[in-house]
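*Asks:* I'll drop the sequence and a predicted model, then ask my questions.
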Amino acid sequence: MDFIIILTIILSVLPMKSNGANNSFYHYYTYLWGTDHFLVDPQGTSVQLKMDKISGGAGFRSKSDYGSGSFHIRLKTPNKRTKGIVTSFYLTSNPDDGTPQGNHFELDFEFWGVDRRVQTNIFLNDGGQREQRFHLWYDPSKDFHLYQIIWNSHQIIFMVDGIPIRVFKNNSAKGIAFPNKAMHVDASIWNAPFAGPVKWSQAPFIAQYQDFGFTACSARAKSKNISYCSSQIYFWNKPKYWELSASQKQQMDKYRKSYMFYDYCSSKTTWKPECPLNA
Ligand SMILES: *[C@@H]1O[C@H](CO)[C@@H](O)[C@H](O)[C@H]1NC(C)=O
Ligand SMILES: *[C@@H]1O[C@H](CO)[C@@H](O)[C@H](O)[C@H]1NC(C)=O
Ligand SMILES: *[C@@H]1O[C@H](CO)[C@@H](O)[C@H](O)[C@H]1NC(C)=O
């Protein structure tokens, strides 16, 4: 009890910088690929990823795997307009070692390189195809904005600058899958065939990232039972995070009505059973 009180006091006097912890890239992340297309400043406060015609882009990943958490990063997309260049921030249970993509869990933010589009997607130990796409209400290549994913055993929340834009609830009682395996964080720039042909004359394309510190429950052993990560010693597992507040729901509805331009739930051919359960 005393420990919790002291911790609360410590946390409340720390600066508002995310969790007050070490915010350095090196503390949380490691290179994944394209190291020659990477630029990290010596303090690890910012990272640039470069995509050009001779490279496959670049990416980094968290050092650990996690079973729940409040994940975020600030990023700025390339300031050139072309299809085909995707800048991403996501969680995935897929191994990075080139193993063929099997069924896995994944929670995505993907920026499409044209206008202001961001795609969110969710894989539930399957091929995904739960896309919801938004026109952002600002130019994501002009300034850094905060992209956040909260994952607890009750729900997953996608947020942009603190505004919830998508919620996926744990409806396992109704037969809907929900992530139950450890995931790690990935961020990358790459040439995604699904996003259309690239105008290479505009290259190079540079994505910038900042604000690397996040708080999450480390999975002790990859892909093993992560049920201990729903402990309420972690703030994102507390009842406050089990459901959005009434005002957050209102805010989300407003932003979804105004800015969502594609929803897999809107078409008979892409609809899935969870669709009415997350509304
Ligand atoms: C932050 O973490 C990095 C990498 O682990 C380390 O080199 C650095 O000294 C840490 N900075 C502080 C202020 O703790
Ligand atoms: C989903 O919720 C159920 C309760 O309805 C719980 O038993 C289960 O552990 C949760 N699943 C995950 C993966 O957190
Ligand atoms: C995971 O561990 C918890 C607590 O130890 C246990 O109750 C639960 O049955 C386990 N789940 C699986 C799928 O093994």
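*Replies:* Thanks, I have it. Ligands and ions are numbered 1, 2, ... in the order given.
*Asks:* C-alpha from now on. contacts and neighbour counts both.
*Replies:* Noted.
*Asks:* can you count the residues close to the one residue in the chain that gets nearest to ligand 2?
*Replies:* Proximity to ligand 2, evaluated over the chain using Cα to the nearest ligand atom, is greatest for residue 153 at 3.5 Å. Residue 153: 21 surrounding residues under other Cα atoms under 10 Å.
*Asks:* does it belong to a helix, a strand or coil?
*Replies:* coil (DSSP: H, G, I helix; E, B strand; the rest coil).
*Asks:* that one - nearest residue in space that isn't next to it in sequence?
*Replies:* Residue nearest to residue 153 in three dimensions, not counting chain neighbours: residue 230, with 6.1 Å by Cα to Cα, 6 or more residues apart in numbering.
*Asks:* I'd like to know how far the most centrally placed residue in the chain sits from ligand 1.
*Replies:* The chain has residue 90 as the residue nearest its centroid, 3.6 Å off, counting by Cα atoms, centre = their mean. Going from residue 90 to ligand 1 by Cα to the nearest ligand atom, to the nearest Å gives 22 Å.
*Asks:* same question for residue 67.
*Replies:* Residue 67 is 21 Å from ligand 1, by Cα to the nearest ligand atom.
*Asks:* same question, residue 194
*Replies:* 36 Å.
*Asks:* re earlier: was I right about the residue nearest to residue 153 contacting residue 154?
*Replies:* No. Contact criterion Cα atoms under 8 Å: residue 230 and residue 154 do not qualify, at 9.1 Å.
*Asks:* shared neighbours of the two, which are they?
*Replies:* The contact sets of residue 230 and residue 154 do not overlap (Cα atoms under 8 Å, 6 or more residues apart in numbering).
*Asks:* just the element for the residue nearest to the centre of the chain, please.
*Replies:* Per DSSP states H and E, residue 90 falls inside strand 85-92.
*Asks:* now that strand: average pLDDT?
*Replies:* Averaged across strand 85-92, the pLDDT comes to 96.
*Asks:* residues contacting the helix or strand following it, please?
*Replies:* Scanning forward in sequence from strand 85-92 by DSSP H and E, the next helix or strand is strand 104-111. Strand 104-111 has contacts (Cα under 8 Å, 6+ apart) with 77, 86-94, 117-128, 147, 179, 181, 183.
*Asks:* do the same with stretch 183-195
*Replies:* 49-51, 56-67, 83-94, 105-106, 112, 198, 207, 223.
*Asks:* just the buried residues of these.
*Replies:* Neighbour counting by 16 or more other Cα atoms under 10 Å classes 49-51, 56-62, 64-67, 83-94, 105-106, 112, 198, 207, 223 among these as buried.
*Asks:* and the residue of the stretch 51-200 of the chain closest to ligand 1?
*Replies:* residue 63 (10.7 Å).
*Asks:* does that residue touch residue 30 like I think?
*Replies:* Yes. Counting by Cα under 8 Å, residue 63 touches residue 30, with 5.9 Å between them.
*Asks:* count of neighbours near residue 246?
*Replies:* 9.
*Asks:* mind listing what residue 88 touches?
*Replies:* 108, 109, 110, 111, 186, 187, 188, 189.
*Asks:* bridging residues for the second one?
*Replies:* Read it as residue 109. Under the criterion DSSP bridges, residue 109 forms beta bridges with residue 89, residue 120.
*Asks:* can you lay out the contacts of residue 88 as JSON lines showing neighbour count?
*Replies:* Putting the contacts of residue 88 into JSON lines (neighbours: other Cα atoms under 10 Å) gives the following:
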{"residue": "108", "neighbour count": "22"}
{"residue": "109", "neighbour count": "24"}
{"residue": "110", "neighbour count": "21"}
{"residue": "111", "neighbour count": "26"}
{"residue": "186", "neighbour count": "21"}
{"residue": "187", "neighbour count": "25"}
{"residue": "188", "neighbour count": "25"}
{"residue": "189", "neighbour count": "28"}
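*Asks:* thanks a lot, catch you later.
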